[in-house]
Structures are given as C-alpha cells and as structure tokens.
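# here is the input, now give the coordinates:
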Amino acid sequence: MHKPIKIQGAFKKPVVGLGFCLAGEFDLSWMSSKTRSNIRAGQSGFFTFPKDLEMTQHLPADHLLRIYLMLEGEMLSSFTQGDEDYFSPVIKSFEKKRADRVVHSTTALMRTVLHQILHCPYCGKARHIYLESKAMELISYKMAQLHPAFTCPENELKRSDYDNYGQISFMFGK
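Residues are numbered from 1 along each chain as shown. The predicted structure follows:
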C-alpha cells in the first residue's frame with residue numbers, strides 16, 4: 001500500500017506560473033498563508049510565488065497528473081507590455097512579494113494542448129520547438145481566460161502581424 005507524500009521546498013527566485021491538474025487532487029500550502037488549497041482534476045491556475053517562499057505539497061498515494069509552466073517575473077512583464085492594467089493585481093502581488101493564486105476550470109482548448117504536450121511526436125530540437133510553442137499557446141489561452149477582453153472578435157491579420165511573420169520566416173531562412 002502506498003502512503004501519501006509530503007514535499008517541501010522554497011523558490012530561489014520569484015516565479016509566475018500556470019498549473020494544470022489533469023488527474024487526481026492534492027493540497028498546497030505556503031508559509032505566508034495559514035490556508036491549504038485543494039487542487040483537483042480539471043482545474044487550472046495562475047500563480048505567483050515570491051523568492052524564498054516556502055511551500056508544502058501534500059500528494060496522494062494514488063494517480064496524479066499535473067503540468068506546470070514556470071516563468072521568471074520579467075517574462076510576465078514581456079507578455080503584458082501595453083496591457084499591464086489587466087494584470088495589475090497579479091503584478092502587485094508579485095511586487096509585494098506575496099503568494100497569490102487564481103483558479104479556473106481547464107477549458108477544452110487547454111485540454112487539447114495539454115494532450116498534445118503529453119503525446120509529443122517529435123524528438124531533439126523539433127521537440128523543443130514544439131513544446132515551447134504549445135507552452136506559449138497555453139499561456140495565451142490562460143491570459144484570454146483571465147481577461148476575456150484579450151480575445152478579438154475579428155480574426156483579420158493586421159500589418160504588424162505580417163511584419164512579425166516576416167521576421168519569423170527570415171529567421172528560418174524562408
């Protein structure tokens with residue numbers, strides 16, 4: 001018979017991340033909070049953890065499947081350029097060095113991408129590029145979930161989009 005596992009650790013630098021629980025459930029707590037969060041299958045979260053935050057995870061003995069995307073704080077700023085107001089609560093909690101977490105359901109689009117990540121058909125450099133692109137796709141879906149104003153009603157490409165695609169094709173030798 002398997003016993004539940006308790007994992008403790010601290011972050012060495014501030015982290016922003018996305019978490020997706022695909023199967024099972026677990027409890028999470030951090031030292032600055034007396035509360036324990038229960039995270040279940042079908043939930044996705046956006047979180048901030050400051051430097052040196054001590055965190056404890058209580059993992060069950062049965063099946064657990066979760067995926068985390070961890071970003072350094074500067075990376076969040078690069079994603080939110082021009083739209084900082086939408087993310088001000090998250091950025092403020094990050095600046096105040098306190099942990100914060102926002103939980104939503106995992107959408108059908110997110111589940112599709114998570115399945116693609118788990119069943120990546122590539123290896124080597126192609127695998128790296130594929131997984132990185134899927135991580136960016138998950139970030140875009142989570143940002144759209146956090147702030148529906150990010151989704152555009154029209155799908156027409158703008159001149160700046162063409163310029164960006166031109167830069168990409170130039171990088172890969174057209």
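
# put the alpha carbons of the longest helix seen in the chain into PDB.
When the chain is parsed with DSSP state H, its longest helix is helix 124-146. Only the C-alpha atoms of helix 124-146 are listed here, as PDB (Å, rounded to 0.1, in the frame of the first residue of the first chain):
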ATOM      1  CA  GLY A 124      15.500  16.600 -30.400                       C
ATOM      2  CA  LYS A 125      15.300  20.300 -31.500                       C
ATOM      3  CA  ALA A 126      11.900  19.700 -33.200                       C
ATOM      4  CA  ARG A 127      10.600  18.500 -29.800                       C
ATOM      5  CA  HIS A 128      11.900  21.600 -28.000                       C
ATOM      6  CA  ILE A 129      10.400  24.000 -30.500                       C
ATOM      7  CA  TYR A 130       7.100  22.100 -30.500                       C
ATOM      8  CA  LEU A 131       6.800  22.000 -26.700                       C
ATOM      9  CA  GLU A 132       7.800  25.700 -26.500                       C
ATOM     10  CA  SER A 133       5.100  26.600 -29.000                       C
ATOM     11  CA  LYS A 134       2.500  24.600 -27.000                       C
ATOM     12  CA  ALA A 135       3.500  26.300 -23.800                       C
ATOM     13  CA  MET A 136       3.000  29.700 -25.500                       C
ATOM     14  CA  GLU A 137      -0.400  28.500 -26.700                       C
ATOM     15  CA  LEU A 138      -1.400  27.600 -23.100                       C
ATOM     16  CA  ILE A 139      -0.200  31.000 -21.900                       C
ATOM     17  CA  SER A 140      -2.400  32.700 -24.500                       C
ATOM     18  CA  TYR A 141      -5.400  30.600 -23.500                       C
ATOM     19  CA  LYS A 142      -4.900  31.300 -19.800                       C
ATOM     20  CA  MET A 143      -4.500  35.100 -20.500                       C
ATOM     21  CA  ALA A 144      -7.700  35.100 -22.500                       C
ATOM     22  CA  GLN A 145      -9.400  33.200 -19.700                       C
ATOM     23  CA  LEU A 146      -8.200  35.700 -17.100                       C
END
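
# may I see the buried residues of that helix?
Buried positions in helix 124-146, judged by neighbour count with 16 or more other C-beta atoms under 10 Å: 130, 134-135, 137-139, 141-143, 145-146. All C-beta spots, glycine's among them, are computed from the backbone N, C-alpha and C.

# which other helices and strands contact that helix?
Contact partners of helix 124-146 among helices and strands, from 3 or more C-beta pairs under 8 Å, 6 or more residues apart in numbering; DSSP states H and E: strand 15-23, strand 43-49, strand 65-72, strand 100-105, helix 108-118.

# the buried residues of helix 124-146: which two are farthest apart?
Maximum pairwise distance among the buried residues of helix 124-146 (C-beta to C-beta): 24.9 Å, between 130 and 146.
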